[in-house]
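1. Would you be able to build a 3D model of this:
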Amino acid sequence: MRTRSMQASLAALAALALLAAGAPAAATAPIQLSGPVTDRVAAVAGDEDRIEAAIADLESETGIGLYVAYIDDFGGYTTQEWADATAVDSGLGTEDLLLVIATEERRYTWSVAAAFPLTDGQLNEVASERIAPELADDEWAEAAIGAAEGYKDAYRGGSGSSGSSAVVWVLILLVVAAVVIGLVLWRRGRGKATSVGAPSAGRQRKLTVEQLDNEANRLLVETDDAIRTSEQELGFAEAEFGTEQTAAFAAVLEAAKAELSASFKLRQELDDDIPETEPQQREMLAAIIEKLVKANKDLDAKAAGFDKLRDLGRRAPEAAAALKERAAVLAPKITAARGTVEDLQRRYPATARATVKDFPGTAEDRLHFAAAQLDAAEAAVDAGERGRAAVLVRAAEEATAQAEQAVDAVARRAVELDDAAARLPGVLTEADAEAAEAERLAAGSGAAAKAARLRGAVAAIRSAEGPVDPLEAVAAVERASAELDRELQAVRDAAQNAQRAREQFDRVLMSAQSTTAAVEDYVNTNRGAVGPEARTRLNEAKQELSRALALKDSDPSGALERAHRADELANAASAAAQRDVQGYLGPRQTAPSSGGNAGAILGGILLGGMLGGSGRSSGRRYGGGFSGGSGGRRGGGPGSFGGGGTRGRRGGGGRF
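-> This next block holds a predicted model:
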């Protein structure tokens, strides 16, 4: 009785899977997938079990989930737009691949998340050797089975030469069981984690700590980029419609920023000198992923409403006109910024201008890119392509905003350096006096060595050959002074210690705020290349600055410690961000300046950048460079208000 009941249940589940595939119908718009195999044209009727068995084997061996859709045609959409929209709407995750076959149009395409474990080259090879030949012979089921086996071989590093013989031995009971497995995987695949391209809880348990760490880092970068873009988009909307109409979007953005900040804090704790056990690491990494999934999901839920509010498709002409006015104002400012950088080069060392030295060229590049997008947007409006016009205008807006940010950053950096240079002589004189006081109050104690270190820092600055970086010089003196003050706290009374902390606080705060703002500008305009380390240190620097300001009146000594820590973290973030960008640019070591897509990808305006398909990340670093391969794609469109579900994907395909 129990056996018959089990058989009946399996049969019912199998029947449910077959019914879920749907009746034959032409595809006119992206769809939601009904399971591992969605057959809208009865192309593989009777062969679903064989396909699903191959898919289940692929998932079991590699963790890759394969979804295959058979349709009539792409209904006027580009193949990639159709596949990407279907994948996102169906909640496919980081390790899921959607293969779409249009039997009448005789086209096929695939769509994967940016961090999918196979490269564009591997995907193209499977397509050319295992998919396209079968499709050319109208072997619809064999194409899907060949794809599953090819992806498995590619993941293992094999040749991918086997055919469909691997499934011949499968008995009918195992086939039915595969259907059940497929349904379970499908239900799991539509859980909350995979809706933004993150591994589900079950899949997380199968990952090594290193793999989980890579996944958390990828999501940190992706979410930080999504929030930066959303914040910029919200600024455009607030300027147009006011804060009342945009309040709901502002609220969800603030909540997402809080989740991101909490995730960065966990990342910082994992990176510090205090080791965690493997279970602790797993728990913290899982918490990072959970928080980032929530942030992305909440942002994505508001994306459609935001686009409806701005309605750029209809308002493209007036938005383009406003951007052209901003560009006209910006052009002479770029010329002035170039002169400012040249002046800084004459008066200060390279370290003082490192974060802004390329900004005039960056601004010019972004402005040229924006102009090209606006030209294309006008052509799209004339052709009645409102959706395309909206995308192009959005890209032009982001590029123009980055150009403005770059120009403003140059001007601000010049003011900060000049202010620090003006204050430096007084800081050095005060340091001499502090060292003398320490020698008088605590002769023979540990303070004497710290006083000597402070005098050494002062002497090094005064005897330096050539110009010094005044911001770094002030910071170096204040660090040495802080070490000495810690030694002197025991011989000073509480009032003296508090007064001394207040005197130092403003100088240290200015240095920390200046460096933090400079790194913020640098990361934002180069975010297509900046990895998780720089972003984590930058976030923690901003948090320490907030804590320092909150303690300023009640605990001057504590506030000073926080300000010193913020300055230290900001400098670490600056160094990490510059390393990432230099690694991304490669041997040429100069930012793109042609006004083409390369600069827009580096700036994170066009999706792709370091999260694209050039390969798998390793450790806590991300690879850079511009990869490709026939049929490969690196994002392409600009980001908008929203989370991971609205970001770019990779794909390819062709005719057969």
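
2. For the stretch 351-500 of the chain, give me the ranges with low pLDDT.
-> Residue ranges of the stretch 351-500 of the chain with pLDDT under 70: 442-446, 490-492.

3. where exactly do the strands run in it?
-> If DSSP state E, counting those that start in this stretch is used as the criterion, the stretch 351-500 of the chain turns out to lack strands entirely.

4. For residue 497, see how far away the spatially most central residue of the chain is.
-> What sits nearest the mean C-alpha location of the chain, by Cα atoms, centre = their mean, is residue 222, with 2.5 Å. Between residue 222 and residue 497 the computed distance is 45 Å (Cβ to Cβ, to the nearest Å). Heads up, the C-betas are built off the backbone N, CA and C, glycines and all.

5. Would you map the helices across the stretch 551-656 of the chain?
-> In order along the chain, the stretch 551-656 of the chain carries the following helices (DSSP state H, counting those that start in this stretch): 556-585, 597-602.

6. same for the last one, what does it pack against?
-> If contacts are counted by 3 or more Cβ pairs under 8 Å, 6 or more residues apart in numbering; DSSP states H and E, helix 597-602 sits against helix 359-382.

7. If you count neighbours, what's buried in the helix it packs on?
-> Buried residues in helix 359-382, defined by neighbour count with 16 or more other Cβ atoms under 10 Å: 359-374, 376-378, 380-381.

8. residues contacting the residue nearest to residue 421 when sequence neighbours are not counted?
-> Distances taken as Cβ to Cβ, 6 or more residues apart in numbering put residue 470 closest to residue 421, at 4.0 Å, once the chain neighbours are dropped. Residues in contact with residue 470 (Cβ atoms under 8 Å, 6 or more residues apart in numbering) are 348, 352, 417, 420, 421, 423, 424.

9. Going by neighbour count, which of those are buried?
-> 348, 352, 417, 420, 421, 424.

10. my guess is the third one contacts residue 345, does it?
-> Yep, that's residue 417 we're talking about. No - taking contacts as Cβ atoms under 8 Å, residue 417 lies outside contact range of residue 345: 11.6 Å.

11. Which residues are in contact with each of these two?
-> residue 353.

12. Need the pLDDT of residue 630.
-> Looking at residue 630, its pLDDT stands at 25.

13. ok, now residue 198?
-> On the pLDDT scale, residue 198 is placed at 70.

14. And for the one 5 residues further on?
-> The pLDDT attached to residue 203 in the predicted structure is 75.

15. what's the answer for the one 3 residues further on, then?
-> Residue 206 carries a pLDDT value of 82.

16. Can you list the low-confidence ranges for the stretch 1-150 of the chain?
-> Scanning the stretch 1-150 of the chain for pLDDT under 70 picks out the ranges 1-28, 91, 94, 114-115.

17. And the helices in it, which stretches?
-> So, for the stretch 1-150 of the chain - with DSSP H, counting those that start in this stretch - the helices run 2-20, 48-62, 79-89, 120-126, 132-136, 140-156.

18. ok, how many other residues are close to the nearest residue to residue 483 once chain neighbours are set aside?
-> Distances taken as Cβ to Cβ, 6+ apart put residue 450 closest to residue 483, at 5.0 Å, once the chain neighbours are dropped. Residues contacting residue 450 under the criterion other Cβ atoms under 10 Å number 22.

19. Same question for residue 548.
-> Residue 548 is flanked by 25 other residues according to other Cβ under 10 Å.

20. related to what we said a few turns ago, point out the most buried one among the helices of the stretch 1-150 of the chain.
-> Compared across those, helix 140-156 shows the largest average neighbour count, a mean of 24 (mean count of other Cβ atoms under 10 Å).

21. And it, what does it pack against?
-> Contacts defined by 3+ Cβ pairs under 8 Å, 6+ apart place helix 140-156 against helix 48-62, strand 65-71, strand 96-102, helix 120-126, helix 132-136.

22. and that helix with strand 96-102, angle?
-> 150 degrees (axes from the mean of the first three to the mean of the last three Cα atoms, to 10 degrees).

23. and the direction of helix 140-156 versus that of strand 65-71, what angle?
-> Going by the same axes, to 10 degrees, helix 140-156 makes 150 degrees with strand 65-71.

24. how far does helix 140-156 sit from the chain's center?
-> Chain-centre distance of helix 140-156: 30 Å, with Cα atoms, centre = their mean, to the nearest Å.

25. next one: stretch 497-504
-> Using Cα atoms, centre = their mean, the offset of stretch 497-504 from its chain centre is 41 Å.

26. and that stretch, which residues are buried?
-> Neighbour count says stretch 497-504 has 497, 500, 501, 504 buried, by 16+ other Cβ under 10 Å.

27. What is the nearest of these to residue 157?
-> Nearest to residue 157 among the buried residues of stretch 497-504, counting by Cβ to Cβ, is residue 504 at 58.1 Å.

28. Alpha carbons of stretch 214-234, as PDB, please.
-> What follows is stretch 214-234, C-alpha atoms only, in PDB (Å, rounded to 0.1, in the frame of the first residue of the first chain):
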ATOM      1  CA  ASN A 214      33.800  35.500  -2.500                       C
ATOM      2  CA  GLU A 215      30.000  35.500  -2.800                       C
ATOM      3  CA  ALA A 216      29.700  38.000   0.100                       C
ATOM      4  CA  ASN A 217      32.400  40.200  -1.400                       C
ATOM      5  CA  ARG A 218      30.600  40.200  -4.800                       C
ATOM      6  CA  LEU A 219      27.300  41.100  -3.200                       C
ATOM      7  CA  LEU A 220      29.000  43.900  -1.200                       C
ATOM      8  CA  VAL A 221      30.300  45.500  -4.400                       C
ATOM      9  CA  GLU A 222      27.200  45.000  -6.400                       C
ATOM     10  CA  THR A 223      24.900  46.400  -3.600                       C
ATOM     11  CA  ASP A 224      27.200  49.300  -3.000                       C
ATOM     12  CA  ASP A 225      27.100  50.100  -6.700                       C
ATOM     13  CA  ALA A 226      23.300  49.800  -6.800                       C
ATOM     14  CA  ILE A 227      22.900  52.100  -3.800                       C
ATOM     15  CA  ARG A 228      25.300  54.700  -5.300                       C
ATOM     16  CA  THR A 229      23.400  54.700  -8.500                       C
ATOM     17  CA  SER A 230      20.100  54.800  -6.700                       C
ATOM     18  CA  GLU A 231      21.200  57.700  -4.600                       C
ATOM     19  CA  GLN A 232      22.200  59.600  -7.700                       C
ATOM     20  CA  GLU A 233      19.000  58.800  -9.500                       C
ATOM     21  CA  LEU A 234      17.000  59.900  -6.400                       C
END
